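Visitor: Following is a predicted model, sequence given first.
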Amino acid sequence: MIDAMSLKAHLFFNIKEDKITGFHEIEGLQSPEPAKNALVIMVRGIFVNWKQPISYALISECRNYEEINKWIDKVLQKLFEIGLNVRIFVSDQGSDLWKAAKQRSVSIERPYFFMNNRKIYYIFDAPHLIKNVRNNLMQYDFHFGDSIAKYDHIVKFYNQDIRKSLRLVPKLNNSHIKPTNFEKMKVCYATQLLSKSVANGIRTYIDNNEIEESGIDTANFLMMMNNLFDSLNTYNVRNKYEYKRAYEGNESQKVFFKQMLSFFKDLKLKNPKNGNYVTSRVRFIDGFQITITSIMLLFDDLRVEGFNFLMTRRCNQDALENLFGQIRTKNGTALNPTCRQFASAFKNLFFCSIIKPPKGGNCADDFGTLLVQTTNEKVTTDSDALPISTNEILNTDYEEFSSIQITSSDYNQLDMPEKILFFIFVGIFLSVVWRNMIVTL
């Protein structure tokens with residue numbers, strides 16, 4: 001699986017490596033553009049409970065899909081060489097990754113690509129897809145069959161519900177109805193809005209003549225989205241709710257997925273302000289169809305190999321989102337760490353066990369155990385490492401320090417660790433004292 005994390009553009013001169021960190025960089029090759037995102041690749045087991053981040057790239061702009069695909073191919077090749085059986089590739093629908101999927105000729109009819117003559121199914125992350133549905137519903141009307149789902153019906157329901165002393169959906173608040181850009185990142189706000197509870201609430205208010213009857217279309221749409229997300233996010237075999245059971249390829253599950261494929265095929269999005277259709281501009285419609293088709297075809301292959309069920313939560317990016325949460329936590333919950341902060345945290349987390357995601361993260365616990373665990377080992381990060389020895393400092397002339405020049409677009413905010421500054425100061429001081437002692441003697 002692969003996902004992107006936003007970074008703060010920042011250049012830092014790494015004295016130890018004699019290298020400026022923060023430029024666009026893939027496989028060690030840099031371009032003179034500040035990186036704004038980190039792309040991370042992680043592998044995890046479909047049936048066995050393990051996960052491991054293995055590689056990352058620093059990206060400047062969302063136009064590098066050809067370069068990204070070459071990097072992904074090399075990583076996949078290495079995974080095959082060490083004996084891993086790669087069956088699915090998971091991503092969101094970010095510009096780079098969406099174009100990268102298209103370059104591989106991934107489509108609804110052919111939701112896979114080949115590597116080493118092996119079929120790899122492409123799956124788009126269900127939490128990202130459901131957030132895209134919510135974001136588009138806030139702007140456009142959804143036309144399906146003779147029905148129209150409108151965001152206005154949800155707003156009317158919320159405005160009615162908050163006036164009640166006994167609310168039908170007490171979880172619903174302003175963060176669900178008018179989310180900020182940060183709140184839009186949280187999956188829970190999307191799933192709680194496009195939920196069975198809100199659908200039933202709208203139906204109740206329609207029965208009480210508090211919402212117009214056309215709201216039933218919106219309620220039906222919300223129920224479909226609720227059931228679809230549950231089906232794409234299953235994590236156990238037995239559950240009292242039908243749609244939350246692991247995919248076993250039974251008749252009712254196949255019928256539901258085929259109904260959803262038909263629904264998305266006919267779905268049209270219309271701008272209520274100007275009456276223009278915008279269906280061709282949204283990506284989640286194709287994304288859901290590719291994902292559903294991939295899961296059905298993948299399980300057909302797995303069943304032949306002797307597997308009886310597939311927990312679809314293992315086909316999303318929760319493990320990566322939890323890794324990003326850990327990286328942010330290691331940098332003071334910085335939403336956008338610098339490239340140096342990201343690289344340092346990734347290096348640490350690559351070797352150390354990720355126990356649980358931080359509270360308030362963007363997604364649920366993925367229940368995965370890190371494959372490589374060295375919790376008893378001391379991991380040295382950039383901020384811990386002394387780039388030059390004390391002896392080297394003592395034997396260095398002060399003029400050499402004063403002549404060092406670092407040309408950087410972010411020079412005024414160069415993030416020099418305090419520990420390094422301390423050793424440099426002490427080294428210069430001891431050097432001066434040592435010379436004075438020699439002169440005195």
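Guide: Sure, I can see it. Residues are numbered from 1 along each chain as shown.

Visitor: quick one, strands of the stretch 251-400 of the chain?
Guide: Secondary structure of the stretch 251-400 of the chain (DSSP state E, counting those that start in this stretch): strands at 268-270.

Visitor: Tell me which helix or strand the nearest residue to Leu193 once chain neighbours are set aside sits in.
Guide: Nearest residue to Leu193, sequence neighbours excluded (CB to CB, 6 or more residues apart in numbering): His176, at 4.7 Å. Just so you know, the C-beta spots here come from the backbone N, C-alpha and C atoms, and that holds for glycine as well. In the assignment (DSSP states H and E), His176 maps to helix 174-177.

Visitor: Same question for Val40.
Guide: Under DSSP H and E, the secondary-structure element containing Val40 is strand 37-44.

Visitor: what element comes up after the helix holding His176 heading to the C-terminus?
Guide: helix 187-193.

Visitor: buried ones in the next helix or strand after that following helix?
Guide: The helix or strand immediately downstream of helix 187-193 is helix 196-207, counting by DSSP H and E. Neighbour counts using 16 or more other CB atoms under 10 Å place 196-199, 201-206 of helix 196-207 among the buried residues.

Visitor: and if you look at stretch 121-136?
Guide: Buried residues in stretch 121-136, counted by 16+ other CB under 10 Å: 121-134, 136.

Visitor: what domains does the record give for this protein?
Guide: For the chain, automatic domain parsing gives the domain ranges 2-125+316-351, 128-282, 390-440.

Visitor: Dump these to TSV, plus distance to Asp301.
Guide: Converted to TSV, the domains of the chain look like this (distance: least, CB to CB, whole Å):
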stretch	distance to Asp301
domain 2-125+316-351	8
domain 128-282	11
domain 390-440	49
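
Visitor: Dump these to TSV, plus mean pLDDT and distance to Gln289.
Guide: TSV is the format used below for the domains of the chain (pLDDT from 0 to 100; distance: least, CB to CB, whole Å):
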stretch	mean pLDDT	distance to Gln289
domain 2-125+316-351	89	5
domain 128-282	95	5
domain 390-440	50	44
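
Visitor: right, so of those, which gets closest to Thr291?
Guide: domain 2-125+316-351 (5.0 Å; CB to CB).

Visitor: Report the separation between the two terminal residues of the closest one.
Guide: With CA to CA, to the nearest Å applied, domain 2-125+316-351 spans 19 Å between its terminal residues.

Visitor: Just the residues contacting stretch 191-198, thanks.
Guide: Stretch 191-198 has contacts (CB atoms under 8 Å, 6 or more residues apart in numbering) with 127, 130, 133-134, 137, 154, 157, 168-169, 171-172, 176-177, 222-223, 225-227, 229.

Visitor: Assign the nearest residue to Lys19 once chain neighbours are set aside to helix, strand or coil.
Guide: Spatial nearest neighbour of Lys19, excluding adjacent residues (CB to CB, 6+ apart): Phe13 at 7.6 Å. Here Phe13 takes the strand state, with states given by DSSP: H, G, I helix; E, B strand; the rest coil.

Visitor: likewise Gln30?
Guide: strand.

Visitor: contacting residues around the closest residue to it other than its chain neighbours?
Guide: Distance criterion CB to CB, 6+ apart; nearest residue to Gln30, sequence neighbours excluded, is Phe23 at 4.5 Å. When contacts are counted by CB under 8 Å, 6+ apart, Phe23 touches 11, 30-35, 58, 60.

Visitor: Phi, psi for Phe23 please.
Guide: Backbone geometry at Phe23, expressed as degrees, to the nearest 10, gives phi -80, psi 160.

Visitor: What are the buried residues along the helix holding His176?
Guide: Neighbour counts over helix 174-177 (16+ other CB under 10 Å) mark 175-177 as buried.

Visitor: Could you spell out the sheet neighbours of the strand holding Val40, each with its direction?
Guide: Sheet partners assigned to strand 37-44 using DSSP bridges are listed as strand 2-6 (antiparallel), strand 51-59 (antiparallel).

Visitor: Could you dump the ones you listed into JSON lines and include distance to Asp266 and mean neighbour count?
Guide: Shown next, in JSON lines, are those (distance: least, CB to CB, whole Å; neighbours: other CB atoms under 10 Å):
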{"stretch": "strand 2-6", "distance to Asp266": "30", "mean neighbour count": "20"}
{"stretch": "strand 51-59", "distance to Asp266": "36", "mean neighbour count": "21"}
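
Visitor: between those strands, which one is nearest to Tyr277?
Guide: Set against Tyr277 and scored by CB to CB, these come closest in strand 2-6, at 29.6 Å.

Visitor: which outside residues touch the closest one?
Guide: Against strand 2-6 from outside (CB under 8 Å, 6+ apart): 36-42, 59, 72, 89-92, 94, 96-97, 125, 317, 320-321, 324, 327, 335-336, 342.

Visitor: chain center to that strand: distance?
Guide: On the basis of CA atoms, centre = their mean, to the nearest Å, strand 2-6 sits 5 Å off its chain's mean C-alpha point.
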